[in-house]
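[1] Would you be able to build a 3D model of this:
(2 chains)
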Amino acid sequence: MRNFEHITPPDLESAVDLLSERGTKSIAGGTDLLPEMKSRLRSPRRLVNLKALEELRYLKHNARKGFQIGALTTLAEIESNELIREKIPILAQAASVAASPQLRNMGTIGGNLCQSVRCWYYRAPEFKCWLKGGDTCYAIEGENKFHAILESSPCCAVHPSDLAPALMALGASVHITGTDEEGTVSLEEFFVRPKASNRQMTILGANELITEVQVPMLDGDSSGIYLKAMDRKVWAFALVSVAVQVSWDKERVKGARIVLGGVAPIPWRVPAAEEIVRDQAITEEIATSASEAALEGAQPLRDNGYKIALAKALVKRALMTLAERAKK
Amino acid sequence: MARVVKTKTEFEGNFFEQYIVIEGDELTPWAADEKLEKVGKCTPRVDGSERVTGDAKYTYDIQLAGMLYGRILRSPYPHARIKSLDTRAAEKLHGVRAVLTHKNIPQIPLRMGQHFLLEPTLRYAGDEVAFIVADDEEIAEDALELIEVDYQELPFVIDPEEASQPSSPQIHLNGNVLNGKPEEYERGDAEKALREADVTIEARFTTQVALHNSLETHGSVCAWEGDSLTVWDSTQHIYGVRAGVAQALGLPLNKVRVIKKYMGGGFGSKNGAGKYTLLAALAAKKVGRPVHMMLTRKEENLAAGNRNNTIQYLRLGAKRDGTLTAIYLRSYAGLGAYSLWGTSPGGPARQLYACPNVKTIQYSVFTNTGPMAAFRAPGYVEGTFSFEQAIDMLAQKLHMDPLELRLKNYIDTNPMSGMPYSTKGLREAYERGAKLIGWRERKSKKITQGTQRRGFGMASQIWGGSGGPPAYALCKLNNDGSATIITGTQDIGTGTKTVLAQIAAEELGFPIERVSVELGDTQDGVYSPLSAGSMTLPSVGPAVRVAAHDAKEQLLSIAAQVLEKPKDQIKLKDGLLHVQGLEKPVELKEVLAMKLQNFMIIGKGARGPNPEKYSVNTFGAQFADVTVDTETGEVLINKIVAVHESGRVINPLTIGSQIEGGVIQGLGFALTEERVLDRHTGLVLNPNLEEYKVPTALDVPEIEHEMIDRADPYANNLGAKGVGEPPIIPTAAAIANAISDAIGVHVTDGPITPDKILKALNKTQIGGNHA
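    Numbers count the residues shown, from 1 in each chain, chains lettered A, B, ... in the order given. The predicted model follows:
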């Protein structure tokens, strides 16, 4: 790790101001940034310590606004929060299968949504890949069994977050504070495919911070599920994951949000599949055709064709499980 | 009196005949029904408290006045030549004390001249280019970036089968195949037998490169005093490091002291001096200050050794009744850039069963990748993965129970040498294991419908583990009735200290608390072999017993003179002298310190030769109960049963730890662990503990283990054999067979990850339902 300056700002406003200077990064849990710095993938000159900003550590809930979760809330707090477990269990579920207990004690919800991809070419300092400003995505022609089956160009890394698909299925938004302005955007707007002018997976500017995650009230009878396939029982990023949140009218689906993880550079919402289950009672046939629709357009690379069958199976399993529960 | 005798030793599947020096008279082995008080009893680790409290000092913990830190610049290319190298900017950085390159150090040949300590030719991505010592690690790392190197890239090859072709880029002058040709073994006529067999099977297997990932990385701390060098080294062989360092630096053996008191794992990868050791020693000499050089986790995973990958082509032939008639194996193992030896993936095929016609052709091939190193039963883990799966394929084809097929081909003599085994408890291991897993009732527990398929599998294990001479020990008796055992072995984390204390206490008739064990220091100790090949206990333990016996006899002679009683009327028990005719036992202290003031008894012991007419091997069987999710490819291991025979059990607690550790490492090899190389650049993509996936606590199932506890009457005076390696050998094969039982198709490429399971299922009925 190279030397750096470490500043603890007195408040959010000063934090954002400090971030405006080049070579500055914010640090909260540090579970993503510190390994990058240790491997010299990133060497910021200055770190702005957010951990001391108590105003970003809260978890509120009310019947009108739903959940407001301060960006510094840790994954462990989300996992164990009684209200979350009761009202939006999909989020607690997603948090509980992320990383490891140690990492969940450190990692924050804000940091989780802003984390870099885990692509091993990106993480290896030896490769100057496209995402790091180079010309080539080495994974497209290289070792790509963990990579994207959708939107795999110009970068085929997958978005690694477990919380993001769950939050997107809940229709969540993030509140962003910057030097000049602040505002709230939906996660669909927050996550963007990387492009040459913005080689990252979010719209967040260098001098902006997520300060709050907002989960709206779910209407009436709603249930959700997060399924994650891994190649190790714990501390592994998703091979594929799926988050499904369904609002019910008895046993019929009023509306559903279906989001895949581990398949594209961003959490991948699949409106075509959502459309298929809308106003339906979920049968095996409906679930199967929704799963087919969810993977419409998927194009596997050399080593990741298995993800298509896997993702379909998870979508179907999630829908069938929710339907079973709805009957009870 | 010292004597020279000839003995046969087996190490990592290879046999050696050698002359050795032994001393003292061999003791009669403890009988099978011997009444032993310490040996065979659950004994907690004698150094457990210092290990868990942090008092134990590992190599990494060594802090010396004025100590500097070393860092190594490594090749970014799998094959390259250094055209030019400029270290001026690095040298100018504040805090940098020395920069070593091939230009300013002597040309020191390694591995019999296969390569040099530093040289312009680089043969894998990670090969050493330069060495920097600085005031701290961060400065040294900053300085690495300031060294300018102009590399000429050379063509490279990473696949061992491809590398064996003459048209491939050549890595060493003598070609890529070790010794210029494959190692061949044949008994009978395997090709003819295959043609004549009633039933044959044929399959191609591959096993991946696995990394040791010892918790403590490789490294050394080197300090000079005048012309004497002290090396603290994280090693499995302090005398081996001493020999390597002395030879490389041209020092007499008595000027090199190697110390290793505690160790955070080695698994075969720490069997000698490393480049890091020699570079630290050279730099310490140059700057006149001690140098601390520990590899980072990334370096550990690039340059510190690995279990080589293999490609194995196997054919089996059998009669309709299951009698094995032919085994034919052609294998390719990737050595990486440097090695003097190759493993024996053909070992299990040659040894496990009675089969008159066996041929194994083993290619060990250099590739432009990190060099292999012994890794807990090298060759046999890979060989068993394929061979024991092939046996199951054969059982399937014969419609035979896999266990019955194995029993059908059971053999009590070593099929290679014809010699009887000193003990072979495999039949009992099969029986006990089958009972514990519920083998004969498994059909009722199998799940053959739905997405959660449950299956059962098993595999057998054979390995050496006899240990052998030379190994020496001393037993010092102090005048307060306490004893110190001195050896030159090392406790690599297996509990050596504890079991040696048990053996000495048993022989002396002392309570275990009165016995301390000193090891891990070449200057204070006496020669012991490397702690590898499952040989520490069966090599050093017998020497300790002889030394303790010698000391006890001397003590009893002295006691007899002081007490004026015949020696044969005095016995030692619980550290007390029981004298015939005296009502109360006598405290040793009374006899020794009170009457004789200061004195010391020194008992000497050496390991005797191995038996000439017996084959000493270890055996075992493991059974796996798994559930496979046919839609996600995820494998849940419900239970592993491991039953092994390694002769007499000295300590059920430490042996249990070995079995559990071996099984866990074996299931990592089976399911998750794989070093991944980028095929286009030859760079390792996962040299870290995030993406190189060792099992976590949640990956570990219930492991039920048992020992067939049987004193080996011929192996040595303890009747004990090694157990470090055996438990990892059959695990992956047992799991693979259970997976195949669950999903109806064999996955022949390791590790068996979800993508491979889904791919295999895709070709079957089960997969067809949802694909």
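[2] quick one: contacts for the closest residue in space to B:Leu324 that isn't next to it in sequence?
    Excluding the flanking residues, the one nearest B:Leu324 by Cβ to Cβ, 6 or more residues apart in numbering or on different chains is B:Cys355, at 4.2 Å. (Glycine included, C-beta is placed from N, CA and C.) By Cβ atoms under 8 Å, 6 or more residues apart in numbering or on different chains, B:Cys355 lies in contact with B:Leu324, B:Thr325, B:Ala326, B:Ile327, B:Asn409, B:Pro415.
[3] how close does B:Cys355 get to B:Asn409?
    Relative to B:Asn409, B:Cys355 is positioned 7 Å away (Cβ to Cβ, to the nearest Å).
[4] try B:Ile132
    Distance, B:Ile132 to B:Asn409, by Cβ to Cβ: 58 Å.
[5] These two - which one has more neighbours?
    Under the neighbour definition other Cβ atoms under 10 Å in any protein chain shown, B:Ile132 and B:Asn409 were set side by side, and B:Ile132 has more, 30 against 18.
[6] Show me the contact partners of the helix or strand containing the more buried one.
    Here B:Ile132, judged by DSSP states H and E, is contained in strand B:128-134. Applying Cβ under 8 Å, 6+ apart, the set of residues contacting strand B:128-134 from outside is B:68-75, B:82, B:85, B:87, B:90, B:93, B:95-101, B:117-118, B:122, B:140, B:143-144, B:147, B:149, B:275, B:279-280, B:282-284, B:287, B:291, B:303.
[7] residues from the stretch 51-200 of chain A in reach of chain B?
    Within the stretch 51-200 of chain A, the positions near chain B by Cβ under 8 Å from any Cβ of the partner chain are A:100, A:118, A:120-121, A:123-124, A:126-127, A:138, A:141-143, A:145.
[8] Max pairwise distance over those: which two?
    A:Ser100 and A:Glu141 (32.0 Å; Cβ to Cβ).
[9] so who does the residue in the stretch 51-200 of chain A that chain B sits nearest to touch?
    Nearest residue of the stretch 51-200 of chain A to chain B, counting by Cβ to the nearest Cβ: A:Trp120, 4.1 Å away. For A:Trp120, the contact set (Cβ under 8 Å, 6+ apart) comprises A:Ala139, A:Glu143, A:Phe146, B:Val676, B:Leu685, B:Asn686, B:Glu691.
[10] Counting neighbours, which of the residues of the stretch 51-200 of chain A next to chain B end up buried?
    Neighbour counting with 16 or more other Cβ atoms under 10 Å in any protein chain shown marks A:Arg118, A:Trp120, A:Tyr121, A:Arg123, A:Ala124, A:Phe127, A:Tyr138, A:Gly142, A:Glu143, A:Lys145 as buried within these.
[11] pLDDT score assigned to the second one?
    In the predicted model, A:Trp120 carries a pLDDT score of 98.
[12] Give me the nearest residue to it, chain neighbours excluded.
    Ranked by Cβ to Cβ, 6+ apart and with sequence neighbours excluded, the top spatial neighbour of A:Trp120 is B:Leu685, at 4.1 Å.
[13] The closest residue to chain A within the stretch 601-750 of chain B: how many residues sit nearby?
    Residue of the stretch 601-750 of chain B nearest chain A, by Cβ to the nearest Cβ: B:Glu631 (3.5 Å). By other Cβ under 10 Å, 25 other residues sit near B:Glu631.
[14] Check B:Asn174 too.
    By the criterion of other Cβ under 10 Å, B:Asn174 has 12 neighbours.
[15] Using the three-state scheme, assign B:Val231.
    strand (DSSP: H, G, I helix; E, B strand; the rest coil).
[16] so who does it touch?
    B:Val231 sits next to B:Ser220, B:Val221, B:Cys222, B:Val241, B:Arg242, B:Val245, B:Val256, B:Arg257, B:Val258, B:Ile259, B:Thr277, B:Ala281 when contact means Cβ under 8 Å, 6+ apart.
[17] Flag the shaky bits of the stretch 201-328 of chain A, pLDDT-wise.
    Counting by pLDDT under 70, the stretch 201-328 of chain A has no low-confidence residues at all.
[18] Report the buried residues of the helix or strand harbouring A:Val185.
    If you go by DSSP H and E, A:Val185 is part of strand A:182-186. Buried positions in strand A:182-186, judged by neighbour count with 16+ other Cβ under 10 Å: A:Val185.
[19] Show the model's pLDDT score for A:Ala156.
    Quick fix: residue A:156 is Cys, not Ala. 97.
[20] Does it touch A:Val263 like I think?
    No - A:Cys156 is not in contact with A:Val263 according to Cβ atoms under 8 Å; the separation is 10.6 Å.
[21] The one helix or strand A:Thr211 maps to to strand A:182-186, inter-axis angle?
    Take DSSP H and E as the rule and A:Thr211 turns out to sit in strand A:209-215. Interaxial angle, strand A:209-215 versus strand A:182-186 (axes from the mean of the first three to the mean of the last three Cα atoms, to 10 degrees): 50 degrees.
[22] what distance separates strand A:209-215 from the centre of its chain?
    Centroid separation between strand A:209-215 and its chain, computed with Cα atoms, centre = their mean, to the nearest Å, is 13 Å.
[23] Return the helix or strand in chain B with minimum mean pLDDT.
    Ranking every helix and strand in chain B by mean pLDDT, DSSP states H and E puts helix B:765-768 at the bottom, with a mean of 58.
[24] and the residue nearest to B:Ala483 when sequence neighbours are not counted, how far is that from chain A?
    The shortest distance from B:Ala483 to any non-neighbouring residue, by Cβ to Cβ, 6+ apart, is to B:Val515 (4.8 Å). Taken as Cβ to the nearest Cβ, to the nearest Å, the spacing of B:Val515 relative to chain A amounts to 40 Å.
[25] B:Val515 against B:Glu507, yeah?
    No - B:Val515 is beyond contact range of B:Glu507, at 9.9 Å (criterion: Cβ under 8 Å).
[26] Looking at the two, which is more packed in?
    Shown here are B:Val515 and B:Glu507; by other Cβ under 10 Å, B:Glu507 has more neighbours (30 against 26).
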